[in-house]
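**Q** using only what follows, build the 3D model:
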Amino acid sequence: MAKILEGKIAVVTGASRGLGKAIALALASQGAHIVATARTQGGLEELDDAIKAVGSSATLVPMDITDYPAIDRLGAALFERWKKLDILIGNAGILGKLTPVPHVDPKVWDEAMAVNLTANYRLLRSLDPLLRLAPQGRAIFVTSGLAYKCFAYWGTYSVSKAALEALVKTYAAEMATTTVRANLFSPGPTRTKMRATAMLGEDPMTLPTADEVAAQLVAMCTDEFTDTGAVYKYAETGLFKQVL
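**A** This next block holds a predicted model:
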C-alpha cells in the first residue's frame, strides 16, 4: 500500500517524547523522512529506533529550541541536503508555572514566550524559503484550547498560545498566493507528562494516548489538505475545524 507522505521531508520539534514523538512516528509510518529536534540525545536515539522499526528514516538534531542561531543553521543544512522542506511541525512547548498573573516570575514568563512563541517565529523565519521550494509546503503548530479559554492561573501558557495562533494565522494570510499552507492543531487533553504535571489527580487512563491524537494530524500534512489559517482539533470522531 502506498504511503501518503512518501518522499517528504518533515521537521518535528520537541520530538523526543510525548506528543512530539508520537507525531514524528505517525509521519514516519506514512513514509516521511523525519528531521527530529529535541534537547535530549537519548530520547532522540529511542525515536530513531522506533522510526526504523516502521520502515522509515530520521535525521537527529539535538538542540535547544531557544538556540535561535541553531535554528538558522538547521535551515542552511536542510537547504544544502534537500533544497526544500515539505512539512514543519512546531510542537515543542512548555507549561510555565500555574500562578496568578501578578505573581509570574519574569524568568518563567520569558522562558515560556521564548519556547512557545519566539522559537516558532524563528522557525518560520529560517524555514519559510524551504517551505516555498516544496511543491506543497505544510506548516502546522501545536496550540491549545487555552489560547481562548482564559482560565485563572494559566495566564503565561494561555498568552503564549494566543500569540502563537495570531502568528500562524498572519503567516497563513501572507502565504495565500503560494502553495504553502499553515494551520494549528489543538490536541486537547492527552495522556502526556505535561498534562499529568498540570492536572494532578486526573486519571490519565480517561484520556486519549499521544499516538491516537497524533494520527489525526497526519491528514493536515498531505497535499490534499488545502485549508489554511485555521485551528483543527482532535476528537474521537475525527479531526474537526474549530469555529469561534
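**Q** next secondary structure after the helix or strand of the chain at the bottom of the mean pLDDT ranking?
**A** Within the chain, confidence by mean pLDDT, DSSP states H and E is lowest for helix 193-198 among all helices and strands, at a mean of 72. Next in sequence after helix 193-198, counting helices and strands by DSSP states H and E, comes helix 210-217.
**Q** pLDDT wise, what is the residue nearest to residue 8 when sequence neighbours are not counted at?
**A** Counting by C-beta to C-beta, 6 or more residues apart in numbering, residue 86 is the residue found nearest to residue 8 once chain neighbours are left out, at 3.9 Å. Where C-beta positions appear, they are placed from N, C-alpha and C, glycine not excepted. Listed pLDDT for residue 86 reads 98.
**Q** next: residue 222.
**A** You'll see residue 222 listed with a pLDDT of 97.
**Q** cool, and the one 3 residues further on?
**A** As predicted, residue 225 sits at a pLDDT of 97.
**Q** which residue, neighbours along the chain excluded, lies closest to it?
**A** Using C-beta to C-beta, 6+ apart, the closest residue to residue 225 is residue 219 (5.8 Å).
**Q** and residue 210, by the same measure?
**A** residue 22 is the one closest to residue 210 (C-beta to C-beta, 6+ apart), at 3.8 Å.
**Q** so the one you found is in contact with residue 217, correct?
**A** No - with contact defined as C-beta atoms under 8 Å, residue 22 does not count as touching residue 217 (9.1 Å).
**Q** which is the next helix or strand following the strand or helix carrying residue 122?
**A** Of the helices and strands defined by DSSP H and E, residue 122 is found in helix 119-133. Per DSSP H and E, the first helix or strand lying C-terminal to helix 119-133 is strand 138-142.
**Q** now for that following strand, which elements pack on it?
**A** Applying 3 or more C-beta pairs under 8 Å, 6 or more residues apart in numbering; DSSP states H and E, we find strand 138-142 packed against strand 87-90, helix 119-133, helix 155-174, strand 181-186.
**Q** mean neighbour count and distance to residue 224 added to these, as a markdown table?
**A** Converted to a markdown table, these look like this (neighbours: other C-beta atoms under 10 Å; distance: least, C-beta to C-beta, whole Å):
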| stretch | mean neighbour count | distance to residue 224 |
| --- | --- | --- |
| strand 87-90 | 28 | 14 |
| helix 119-133 | 20 | 17 |
| helix 155-174 | 19 | 17 |
| strand 181-186 | 23 | 11 |
